[in-house]
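1. The following comprises the amino acid sequence and a computationally predicted model.
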Amino acid sequence: MSTDRAQSSPQSDDQSKSSLEEIRAARLEKAAQLKQSGQNPYAYRWDVTHHAADLQSKYADLANGEEVPVVVAIAGRILARRVFGKLAFFNLQDETGTIQLYLDKTRIQEGMAETPTAFNDLKQLTDVGDIIGAKGTIKRTEKGELSVYVNQYAVLTKSLLPLPDKWHGLTDVAKRYRQRYVDLIVNPDVRETFRRRALITAAIRRYLDQQGFIEIETPVLQTEAGGADARPFTTYHNTLEMPLFLRIATELHLKRLIVGGFEKVFELGRIFRNEGISTRHNPEFTTIEIYQAYADYNDMMALTEAIVAYAAQEVLGTLQITYQGTAIDLTPPWRRVTMHEAVQEKTGIDFSQFTTLEDAKAAAVKAGMTNLDDVTSIGKLLNEAFEQTVETTLVQPTFIIDYPVEISPLAKPHRSKPGLVERFELFVVGRETANSFSELTDPIDQRERLEAQAARKAAGDLEAHGVDEDFITALEYGMPPTGGLGIGIDRLVMLLTDCASIRDAIAFPLLKPEKPDAEA
């Protein structure tokens with residue numbers, strides 16, 4: 001740290017001495033005094049000509065003590081203040097980074113002659129957290145700190161609440177999520193995560209646009225939830241007097257578009273599932289679903305590789321990344337292995353050899369698998385074995401292909417393997433990141449599968465859904481052979497930004513309300 005900035009954690013002058021209420025009252029009084037001196041503590045605008053990172057880069061070679069007579073105007077939040085008699089040094093942060101403000105009484109009084117108290121106001125009426133604008137020349141101090149040598153300033157927003165004591169980070173994890181705005185102020189790495197998230201989604205859209213895909217928005221409010229096994233959120237439309245569901249997938253409406261004649265469509269948007277919360281799950285999350293006519297799941301594997309590699313290269317500049325200390329190679333092609341093969345590799349059990357569920361369960365129990373009482377078919381048992389023994393071991397990008405039909409109600413039957421469907425899931429660092437099918441286009445087969453799901457719903461399965469009759473009607477008009485792909489954007493962002501929890505990849509994750517102190 002430069003000697004021109006505070007050597008310890010900066011804080012507002014009264015923060016360590018007073019309660020939060022007293023600090024707020026004192027800052028309100030300062031806002032009133034600014035008004036009395038002719039300054040609006042909540043300004044309308046400020047002409048910004050430069051940002052901190054631009055200046056740091058452009059003048060990186062400026063010698064100590066040298067001044068450049070170009071006038072710049074910047075704006076940002078005060079992160080640190082060092083005030084002396086006729087000098088003050090502020091550390092100012094904008095979206096791009098930080099830069100020092102070099103504040104000299106004589107220079108400011110000359111530049112703001114119409115406000116004789118300007119320098120004293122700056123010393124006495126500003127605090128860490130305030131947003132100010134400053135104009136001046138560029139100078140590197142004798143101690144080596146690049147600075148804006150200020151001749152004019154304005155308080156743009158008076159902050160009433162103090163920032164956390166330690167400027168290098170808000171460390172209370174729950175508070176970071178509840179008060180993300182504070183987290184963003186004091187933790188530059190968090191801002192970088194969400195900047196990269198925006199770049200990742202932009203890169204994905206750009207790549208798909210280059211391949212001839214178009215994005216079409218589909219309804220969030222739906223009369224019948226579908227497209228996945230998931231418990232939906234319910235709501236009610238007062239005027240139409242009808243219950244509705246928040247969508248659990250965009251699949252069924254995007255497929256309607258394929259029926260209607262579009263050949264390459266996608267939607268990147270929010271999905272809502274009334275399920276648990278964990279480091280991998282948030283009830284409101286973002287996916288992209290992509291459908292391509294005349295393609296199958298093999299084409300979708302190639303597309304998945306291309307999308308992820310393109311996003312990583314565009315945003316990070318490399319396909320060799322590190323996630324939580326583990327090196328990950330995103331260079332295509334990625335390993336492809338069937339679910340049967342993956343389970344057999346880990347357990348030694350070939351589930352395709354069994355003709356009865358009882359024999360298959362006995363072998364699974366012998367191999368150490370548990371909680372199998374509710375498993376009702378060999379296909380579901382295979383999936384359970386995969387989840388218990390294989391999933392978390394898939395660190396490098398791996399396509400698990402050819403799933404049991406029982407757990408894939410929207411996928412086309414495998415063209416050469418009875419009892420399986422043409423489906424894959426992409427696993428990286430032990431978690432599912434993408435899901436894809438050769439889409440089911442046979443309306444009779446589709447009706448039978450949806451009716452079986454409806455029977456599960458009637459029996460009390462909260463994740464099963466009824467028959468979407470309009471979707472069946474659409475299929476009866478004819479849907480061309482189609483490959484479908486869904487990618488979890490939050491999990492992809494986690495991977496590419498090295499976030500341990502999904503909450504770190506979502507700006508405002510859902511949280512339980514805080515209990516009042518009396519109830520805590």
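-> On my side now, so go ahead.

2. Please list the residues outside the worst-scoring helix or strand of the chain on mean pLDDT that contact it.
-> Here the helix or strand of the chain ranked lowest by mean pLDDT, DSSP states H and E is helix 173-178, holding a mean of 86. Residues from elsewhere that reach helix 173-178 (Cβ atoms under 8 Å, 6 or more residues apart in numbering): L170, V182, D183, N187, V190, R503, P509, L511, E514. The C-beta positions use only the backbone N, C-alpha and C, and glycine is treated the same way.

3. what is the rounded mean pLDDT of stretch 134-148?
-> Computed over stretch 134-148, the mean pLDDT rounds to 97.

4. Alpha carbons only: can I get it in PDB?
-> The C-alpha coordinates for stretch 134-148 follow below in PDB (Å, rounded to 0.1, in the frame of the first residue of the first chain):
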ATOM      1  CA  ALA A 134     -13.500  15.700  -8.900                       C
ATOM      2  CA  LYS A 135     -11.700  17.600 -11.700                       C
ATOM      3  CA  GLY A 136      -8.000  18.200 -11.900                       C
ATOM      4  CA  THR A 137      -4.700  17.300 -13.500                       C
ATOM      5  CA  ILE A 138      -2.800  14.000 -13.300                       C
ATOM      6  CA  LYS A 139       0.200  13.900 -11.000                       C
ATOM      7  CA  ARG A 140       2.300  11.200  -9.500                       C
ATOM      8  CA  THR A 141       3.200  12.200  -5.900                       C
ATOM      9  CA  GLU A 142       6.800  12.100  -4.700                       C
ATOM     10  CA  LYS A 143       5.900   8.900  -2.900                       C
ATOM     11  CA  GLY A 144       4.800   7.300  -6.100                       C
ATOM     12  CA  GLU A 145       1.000   7.400  -6.000                       C
ATOM     13  CA  LEU A 146      -0.800   8.300  -9.200                       C
ATOM     14  CA  SER A 147      -3.300  11.000  -8.300                       C
ATOM     15  CA  VAL A 148      -5.900  13.400  -9.600                       C
END
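
5. coming back round to it: between the contacts of helix 173-178, which is closest to M339?
-> R503 (30.1 Å; Cβ to Cβ).

6. among the contacts of helix 173-178, which one has the lowest pLDDT?
-> Minimum pLDDT across those falls on L170, with 61.

7. quick one on the thing from earlier: Provide a PyMOL selection command restricted to the buried entries of the contacts of helix 173-178.
-> Filtering those down to the buried ones (16 or more other Cβ atoms under 10 Å) takes a single PyMOL command:
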select buried, resi 170+182+183+187+190+503+509
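
8. List the buried residues in the longest helix along the chain.
-> Secondary structure of the chain read by DSSP state H shows that its longest helix is helix 188-210. Within helix 188-210, the residues that qualify as buried by neighbour count (16+ other Cβ under 10 Å) are V190, R191, T193, F194, R196, R197, I200, T201, A203, I204, Y207, L208.

9. so how far is the next helix or strand along the chain from that helix off the chain centroid?
-> Moving toward the C-terminus from helix 188-210, the next helix or strand (DSSP states H and E) is strand 214-215. Its chain's C-alpha centre and that of strand 214-215 lie 21 Å apart, by Cα atoms, centre = their mean, to the nearest Å.

10. who touches whichever helix or strand comes after strand 214-215?
-> Later in the chain than strand 214-215, the nearest helix or strand by DSSP H and E is strand 221-222. Around strand 221-222, the neighbours that count as contacts under Cβ under 8 Å, 6+ apart are T235, H237, L244, F245, L246, R247.

11. Partner strands of the biggest strand by length in the chain and their direction?
-> If you go by DSSP state E, the chain has its longest strand at strand 67-83. Neighbouring strands of strand 67-83 in its sheet, by DSSP bridges, are strand 87-94 (antiparallel), strand 131-140 (antiparallel).

12. Save the ones you listed as JSON lines, and put in distance to A113 too.
-> Shown next, in JSON lines, are the strands paired with strand 67-83 (distance: least, Cβ to Cβ, whole Å):
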{"stretch": "strand 87-94", "distance to A113": "19"}
{"stretch": "strand 131-140", "distance to A113": "14"}
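
13. Tell me which of the ones you listed lies nearest to Y44.
-> Nearest of the strands paired with strand 67-83 (Cβ to Cβ): strand 131-140, 11.4 Å.

14. what angle sits between the helix or strand just after that closest one and strand 67-83?
-> Following strand 131-140 in sequence order, the next helix or strand is strand 146-157 (DSSP H and E). Interaxial angle of strand 146-157 relative to strand 67-83 (axes from the mean of the first three to the mean of the last three Cα atoms, to 10 degrees): 60 degrees.

15. Which strands or helices does strand 146-157 pack on?
-> With contacts taken as 3 or more Cβ pairs under 8 Å, 6 or more residues apart in numbering; DSSP states H and E, strand 146-157 sits against helix 52-58, strand 67-83, strand 97-104, helix 105-111, helix 118-125, strand 131-140.

16. so can I have TSV of these showing distance to V148 and mean neighbour count?
-> Output for those, formatted as TSV (distance: least, Cβ to Cβ, whole Å; neighbours: other Cβ atoms under 10 Å):
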stretch	distance to V148	mean neighbour count
helix 52-58	8	16
strand 67-83	6	18
strand 97-104	5	22
helix 105-111	11	16
helix 118-125	14	19
strand 131-140	5	22
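
17. buried set for the helix or strand encompassing R27?
-> Counting by DSSP H and E, the element that carries R27 is helix 20-36. Going by neighbour count (16+ other Cβ under 10 Å), the buried part of helix 20-36 is I23, R27, K30, A31, L34.

18. rewinding a little: just curious, which of the buried residues of helix 188-210 is nearest to S147?
-> Nearest to S147 among those, counting by Cβ to Cβ, is R191 at 22.7 Å.

19. can I assume the closest one is in contact with E95?
-> Yes: in terms of Cβ atoms under 8 Å, R191 counts as a neighbour of E95; the distance is 7.4 Å.

20. got the angle between the longest strand of the chain and helix 118-125?
-> Using the same axes, to 10 degrees: strand 67-83 against helix 118-125 is 40 degrees.

21. any idea of the angle the helix holding R27 forms with strand 146-157?
-> Going by the same axes, to 10 degrees, helix 20-36 makes 90 degrees with strand 146-157.

22. send the alpha carbons of helix 20-36 over as CSV?
-> The C-alpha coordinates for helix 20-36 follow below in CSV (Å, rounded to 0.1, in the frame of the first residue of the first chain):
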residue,chain,number,x,y,z
LEU,A,20,-24.9,3.4,14.1
GLU,A,21,-27.8,5.7,15.0
GLU,A,22,-25.4,8.4,16.1
ILE,A,23,-23.3,8.1,13.0
ARG,A,24,-26.4,8.4,10.8
ALA,A,25,-27.6,11.5,12.8
ALA,A,26,-24.2,13.1,12.4
ARG,A,27,-24.1,12.5,8.7
LEU,A,28,-27.6,13.9,8.3
GLU,A,29,-26.4,17.0,10.0
LYS,A,30,-23.4,17.2,7.6
ALA,A,31,-25.8,16.9,4.7
ALA,A,32,-27.8,19.8,6.1
GLN,A,33,-24.6,21.9,6.4
LEU,A,34,-23.6,21.1,2.8
LYS,A,35,-27.0,22.5,1.7
GLN,A,36,-26.4,25.6,3.8
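
23. How far does it sit from its chain's centre?
-> Using Cα atoms, centre = their mean, the offset of helix 20-36 from its chain centre is 37 Å.

24. thinking again about what came up before, so which of the strands paired with strand 67-83 gets nearest Q396?
-> Closest among these, once you apply Cβ to Cβ, is strand 87-94, at 38.4 Å.

25. can you list contacts of that closest one?
-> By Cβ under 8 Å, 6+ apart, the list of residues contacting strand 87-94 reads 4-6, 10, 51-52, 74-82, 98-105, 122-123, 126, 132, 134, 145, 147-148, 185.
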